[in-house]
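1. Got a predicted model here, sequence first, then my questions.
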Amino acid sequence: MAVTLTRWTLDDYHRMIEAGLFVNRRVELLNGQVVETAPEGPDHADLSTDANELFAAQARGRYRVRVAKPMSIAATGSEPEPDIALVRRRSYRQGHPAPVDVYLIIEFSNTTLAKDTNEKRQAYATADIQDYWVANLKDGELIIYRQPINGDYQIEQRLRQGAVTPLAFPDITVAVASLI
């Protein structure tokens, strides 16, 4: 017997939120499916706080740092809440940032590594997010995805040391150790 899953649209998801279906539940829409998000461990919380402070100090009015806030990806029926997103400097009161607004996304992964390096990677690549980093806390490495083409990234780099710079802001240098 075949099982057919219903894929939710962004409008469906927003109506569910407005109806209060997810009160006291941590969820996000990913590729048309409502998925629960894992709670943050202390290392995840501390590293994402440090990254927020680092990027906020370097912003100088060029971008906003959003921490665990939604972004809308209509092309994939997704509304993920990345741990860190550098987005265009503007108001988002009428709608969440769209892919065109995003400079960099960082996910801190401990228990969510498979989701972050598979489903989220593909959703972000399909949305043409140019710079996506996954801080793999279990293995102590930073995975950098770049050059999205046809729903996947063509460049994957794994770093355990050294420094990295966001594509959109080459004047910012981030020590890999500060993210893992």
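-> Good, I have the coordinates.
2. Give me the pLDDT for Thr4.
-> We have a pLDDT of 63 for Thr4.
3. Give me the neighbour count for Lys18.
-> For residue 18 the amino acid is Glu, not Lys. Counted with other Cβ atoms under 10 Å, the burial measure for Glu18 works out to 8 neighbours. In this view, the C-beta of every residue, glycine as well, is placed from N, C-alpha and C.
4. Give me the below-cutoff pLDDT ranges for this structure.
-> 1, 3-4 (pLDDT under 70).
5. Which parts of this structure are strands?
-> Under the criterion DSSP state E, the chain contains strands at 27-30, 33-36, 64-67, 84-87, 102-109, 131-136, 141-149, 152-159, 163-164, 174-175.
6. Partner strands of the last one and their direction?
-> Within its sheet, strand 174-175 is paired with strand 163-164 (antiparallel), according to DSSP bridges.
7. chain center to the strand it pairs with, what's the gap?
-> Relative to its chain's centre, strand 163-164 lies at 19 Å (Cα atoms, centre = their mean, to the nearest Å).
8. Residues touching that strand, excluding its own?
-> 133, 142, 144, 173-176 (Cβ atoms under 8 Å, 6 or more residues apart in numbering).
9. And these, which of them are buried?
-> Among the contacts of strand 163-164, those that count as buried by neighbour count (16 or more other Cβ atoms under 10 Å) are 133, 142, 144, 174, 176.
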